[in-house]
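Asker: Just a sequence and a predicted model for now, questions to come.
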Amino acid sequence: MAPDLLDPLPTLRQVLAVRRRLADGCCYNTRMETSTESGRGAGNNRCHHGHPPLLDARLWGKEQGLGHPYPVVCHLVDTGAYFEALWKSAVGPRMHARVALALGLSELDAMRELAFWAALHDVGKISPSYQHSVRKRYPGCFAETFPGSLYRHGTGGIDNGAGHHSKITHWTLPGVLEQLGYPPGDPEGPVGDLVGHAIGQLLGGHHGVFHPRMERRQLKHSATFLPQVGRCEWPEQRHHHVRVLRRLITNDGPVPTGILPAELAVVVLGAVMVADWMASDTQSIKKVRRLVDEECCCHEALARHWERARKEARAGVRQRALGRCGFAAPAGEELLSAAGFPDGSVHGRLAQQLLTTTAPAGPGMLLVSAPAGPARRRLGLVAASRLGRACGARGIALALAEEHHLDEASDELASLAGMLLEGSGMLTRLHPMFFDGDAESASEEIPELSLGTPGDREVAQQWLTQRRRGLLAPLGVGVHEQFLSAVQLVPDNAVRLFALSEKVLVVDDVRPQEPRPHYLLCLLVEWLGALGASVVLLTDTLAGASADRLVQGYQRGARAARGLRSLQEGAPSSAELPQPGWLHIDGLDGAVTESAVDPAEDSAPRFPRSEVRLRVGGADSYVEAVTREVADSGSTLVCCSSVEEAQRTFRALEHLRRPGAAAGQVRLLHPRFRRYRVRELVAECTAAHQDPAENDSVLVTTASFAEHLPFRFDRVVTPLVPLPSLLARAARGRNLILLEGGEQAGSPTDQALRQRTLQALRSHGPRLELPADTEQLIRQVYDSDNYLAALDDVSAQRQRRLDAAADGHEAKLLHDAGLAGIPSPMDVHDDLYQLTRIEPGLTEERLSAMVGFEQAYVLFVHLRVKTAFLDPEGKEKVPFVELKGRSPAVAALARHTISVPPEWAPEGGISTQIGRGRFDNIKYTNWKKRTWLNRVYPVVLSGTGDSHTGFLGNMRLGLTRTGLVTLD
């Protein structure tokens, strides 16, 4: 009489008999049955289907939000089903073929094998540390499991630290898989070469962080070094589950003979993590579970559960907008018309050239040089459609330099998406402010890509707009840092790389001057090259070594994709990025081709340069110089180095405005207005100045707008700034007035670059011709020290001193970027731990601060008793943010926030501003737990009329018609 594994009190003889059968493998036949004996106690050893049970269904895998804990085997089956559906729908044929080749399997067998891996991700939950962790929440539910003799060998405790179930998955799978026939590898070779260990380490990272590679002795005696895995009964049940799952999902197909390289491993892990998220959804579990099947858990019940899970997974993937979406093939003229390029513009002619050139055969990277602005972004989307069709991509990710342009760029992408793509999908806005808000503000359905029913749309919006999921949507818009984080040491970077592997990444405003983001961008394009993804980089000032590094990075990645993992660099390309024009790097063979167009007559004027030295001394010397240089006739763009300087300049010019001048003749645009007001001002100023501006008009603005919007003026007045910024500003007018001062604030790198820029311009002569002179000037400032020989001794000595300080500063920036970044795919060497290695004290927040990605915001409010209002009249209350769930209030609040430097954040964070009972409708706990709101600081204003002031920590701020002002 054989014992039932579900019998809570088997005899010692029965337990030993079970162990022998498990060890011998004789409890499995081709129908996955554990025994052919009948009877249980008094003749009842079989389930109601007439089969012996396969597994112990008391071992739980999920419990939150469920009336009864969900067996771990059911969750494992569900995850395998979701992975299969996701792999079919969201991963393209090129990736299917590459993964199958790396594993040494057919594509069908590879998909089944990967679905089996996905099912194994939580096998570490079959451990005493995990199973004991539910006892307090469900007293008595497992009373029959642990007091009995069957599960007496194990260390309990809690599921964290050394005993986290993901680590147990990593540590226990190698031995189980080897017992099932996976290649054992060289007993004396490195652990990283073992197929079982590679699978275990990959799946051990399913919570976003990989565990260190095991040592050989740990492989042999895992329970000695990690007691939380348990002994005797626990490994038997893990082995039992793994074997049952393999037969169920792969039908005992061939085992893999190869190990996935890092770039393919992150794709597989990313898909596993997404499948796990979907399979863990409470509603999904309720749809597939059948308690009667869980109670018997025989081969027939599991087979039915597998089919239910596969059906639900196919629907779930589609409902979450992760289904099939690809690039369409619109008629060229129709696409150009929809993009709205002005007749004869550089952007239109470049787009026409891209659409008529022979289509690439696969992935690639395109560097596009064109004037900045919305037209360049639309050009980038046209280029993305060209590359996307060639590589079989499933969507577009658009990365912006400034968050101020998110709304505008989202509208541009939404307007073209229905023509560029076909299938179904959503557009998501990837900035944290949207993820804290309601689903409608964070996502948008494109009519031509409709998901079908309103219910499907609601499911997709709610699911995609949770943190770190938005990038999975076919269309996404965010700022640079949301994409650069894919190559940082942050949890879940595998999901981000998986998402980008099936998209064309379009990066606007790529420049050579910032070491940290430039380093991370080079690393990102290398990874995307290795993933076989396509990239479009948009610029108007990229040239020389900066462009070369990006080209070489993508070429290195492309070599890794072809299996050429030598670190030997190829010969540098002699091709230069034309100005304007484009440079294409083929992702299949690394070949570089270029193409140029002639600049339009009105977009490449000659610039007579007027250099004016500022008077020494005085805080407002720049303001005084501007008022002297702004003439009474002709339009002028005044660029300022800071918001404060722009406000002072605007007030001075308004005061000096000619009597009788039209209202609005002098305009002010900077980012420290409320967000909704910034958008209104951008629209007003663009309408007024995108064509040659009206005579006598003046726009005073800061770099984020002067260098990114399509303004056209007679004169551009600017202080001395690093060359890429200076050239971007110069392209906005016909005359450049350079106000050169003495020592200026800024980092050592900025100071050295400004001085190099000044020397290069002086040696160049009094006239600039843009964009023809861009490449020569960029190379002179960034790539060579030869110009020092032409300087007099005093100037050369000063420049060498500045360069020495800059070298140290740049080295620190690059060190920080290197510390925050993951290794090149060439350098991972079969140890995935390097992709999320844990450095002491290096938190995700610390990483963001280290590379300059932190942000802070101010929300001005008016207080009446303890109620906060958005207006001084007390008509509009600050909307209340709920403690849990998504909140439409956050989207309403975001419209009224003002972006400020992160160093303005007060000590103590938002508790300094909110406190524990200061407001009735602003609650500290509710804001603190939200990703974005915990960086939003309410500032209570007081005052009358147009004068309102308040405190941010110890800083006194005011809100005036010129925006937020700082007060001494």
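Answerer: Yep, it's here.
Asker: what about the residue lying closest to residue 956 once chain neighbours are set aside, distance to residue 857?
Answerer: Among residues not flanking residue 956 along the chain, residue 967 sits closest, at 4.4 Å (Cβ to Cβ, 6 or more residues apart in numbering). For every residue, glycine as well, the C-beta is placed using N, CA and C. Residue 967 sits 19 Å away from residue 857, going by Cβ to Cβ, to the nearest Å.
Asker: So which of those two has more stuff around it?
Answerer: Neighbour count, other Cβ atoms under 10 Å: between residue 967 and residue 857, residue 857 has more, with 21 against 10.
Asker: May I have the secondary structure class of that one?
Answerer: Three-state call for residue 857 (DSSP: H, G, I helix; E, B strand; the rest coil): strand.
Asker: Please apply the same query to residue 956.
Answerer: Look at residue 956: counting by three-state DSSP, its state is strand.
Asker: Who are the contact partners of it?
Answerer: Counting by Cβ atoms under 8 Å, 6 or more residues apart in numbering, residue 956 touches 949-950, 966-968.
Asker: switch to 10 Å and redo it
Answerer: Contact analysis of residue 956 by Cβ atoms under 10 Å, 6 or more residues apart in numbering lists 939, 949-950, 965-968.
Asker: Could you pick out the buried ones from the residues you listed?
Answerer: Among the contacts of residue 956, those classed as buried by 16 or more other Cβ atoms under 10 Å are 939, 949-950, 965.
Asker: Now, these that are in strands?
Answerer: Mapping these onto strands (DSSP state E) picks out 939, 949-950, 965.
Asker: which of these lies closest to residue 758?
Answerer: residue 965 (31.2 Å; Cβ to Cβ).
Asker: Wait, the closest one touches residue 647, no?
Answerer: Yes. With contact defined as Cβ atoms under 10 Å, residue 965 reaches residue 647; the gap is 6.3 Å.
Asker: what residues do these two have in common as contacts?
Answerer: residue 672.
Asker: any idea which helix or strand carries the closest residue to residue 110 other than its chain neighbours?
Answerer: Distance criterion Cβ to Cβ, 6+ apart; nearest residue to residue 110, sequence neighbours excluded, is residue 100 at 3.8 Å. Element membership for residue 100, per DSSP states H and E: helix 93-103.
Asker: how about the nearest residue to residue 114, chain neighbours excluded?
Answerer: Nearest to residue 114 is residue 268, by Cβ to Cβ, 6+ apart, at 5.9 Å.
Asker: model confidence over whichever strand or helix holds the one you found, on average?
Answerer: Using DSSP H and E, residue 268 maps to helix 262-279. Mean per-residue pLDDT for helix 262-279: 97.
Asker: where does that helix sit relative to the chain's centre, distance-wise?
Answerer: Distance, stretch centre to chain centre, for helix 262-279: 15 Å (Cα atoms, centre = their mean, to the nearest Å).
Asker: list the contacts for residue 251?
Answerer: Contact partners of residue 251, counting by Cβ under 10 Å, 6+ apart, are 109, 112.
Asker: mind checking how far it is from residue 468?
Answerer: Distance from residue 251 to residue 468, by Cβ to Cβ: 34 Å.
Asker: Any buried residues in the helix or strand hosting residue 652, and which?
Answerer: For residue 652, the element it lies in under DSSP H and E is helix 643-656. Of all the residues in helix 643-656, those buried under the rule 16+ other Cβ under 10 Å are 643-653.
Asker: after the lowest-mean-pLDDT helix or strand in the chain, next one along is what?
Answerer: Lowest mean confidence among the helices and strands of the chain (mean pLDDT, DSSP states H and E): helix 12-24, at a mean of 38. The first helix or strand that comes after helix 12-24 along the chain, using DSSP H and E, is strand 60-62.
Asker: next helix or strand past that following strand?
Answerer: Using DSSP H and E, the helix or strand that directly follows strand 60-62 along the chain is strand 70-71.
Asker: Which other helices and strands does that following strand contact?
Answerer: Packing partners of strand 70-71 (3 or more Cβ pairs under 10 Å, 6 or more residues apart in numbering; DSSP states H and E): strand 60-62, helix 282-288, helix 291-296.
Asker: can you give me how far that strand is from the chain middle?
Answerer: From the chain centre to the centre of strand 70-71 is a distance of 33 Å (Cα atoms, centre = their mean).
Asker: And for stretch 447-465?
Answerer: Put simply, stretch 447-465 sits 21 Å off its chain's centre (Cα atoms, centre = their mean).
Asker: Please report the separation between the first and final residues of that stretch.
Answerer: Its first and final residues considered, stretch 447-465 spans 19 Å by Cα to Cα, to the nearest Å.
Asker: List the buried residues for that stretch?
Answerer: Neighbour-count burial for stretch 447-465 flags 449, 451, 456-457, 459-465 (criterion: 16+ other Cβ under 10 Å).
Asker: Now do the buried residues in the helix or strand harbouring residue 560.
Answerer: Using DSSP H and E, residue 560 falls within helix 544-561. The neighbour-count check on helix 544-561 (16+ other Cβ under 10 Å) flags 544, 546-561 as buried.
Asker: and it with helix 262-279, angle?
Answerer: Using axes from the mean of the first three to the mean of the last three Cα atoms, to 10 degrees, the inter-axis angle of helix 544-561 relative to helix 262-279 is 80 degrees.
Asker: Tell me the gap between helix 544-561 and the middle of its chain.
Answerer: Here helix 544-561 is found 21 Å from its chain centre; the criterion is Cα atoms, centre = their mean.
Asker: quick one: it to helix 93-103, angle?
Answerer: Using the same axes, to 10 degrees: helix 544-561 against helix 93-103 is 60 degrees.
Asker: Next SSE downstream of helix 544-561?
Answerer: Sequence order places strand 581-586 as the next helix or strand after helix 544-561, per DSSP H and E.
Asker: Pull out the buried residues from that next one.
Answerer: Residues of strand 581-586 classed as buried: 581-586 (neighbour count, 16+ other Cβ under 10 Å).
Asker: what's the answer for stretch 300-318, then?
Answerer: Buried residues in stretch 300-318, defined by neighbour count with 16+ other Cβ under 10 Å: 300-302, 305-306, 308-310, 312-314, 316-318.
Asker: Kindly report the same for stretch 351-364.
Answerer: Of all the residues in stretch 351-364, those buried under the rule 16+ other Cβ under 10 Å are 351-352, 354-355, 360, 362-364.
Asker: what do you get for stretch 408-416?
Answerer: 408-410, 412-414, 416.
Asker: Can you show me the CA trace of that stretch as CSV?
Answerer: C-alpha atoms of stretch 408-416 as CSV (Å, rounded to 0.1, in the frame of the first residue of the first chain):
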residue,chain,number,x,y,z
GLU,A,408,4.1,68.2,-27.2
ALA,A,409,6.1,65.2,-28.2
SER,A,410,3.4,62.8,-27.1
ASP,A,411,0.9,64.6,-29.4
GLU,A,412,3.4,64.3,-32.3
LEU,A,413,3.9,60.6,-31.8
ALA,A,414,0.2,60.0,-31.3
SER,A,415,-0.7,61.9,-34.5
LEU,A,416,1.7,59.7,-36.6
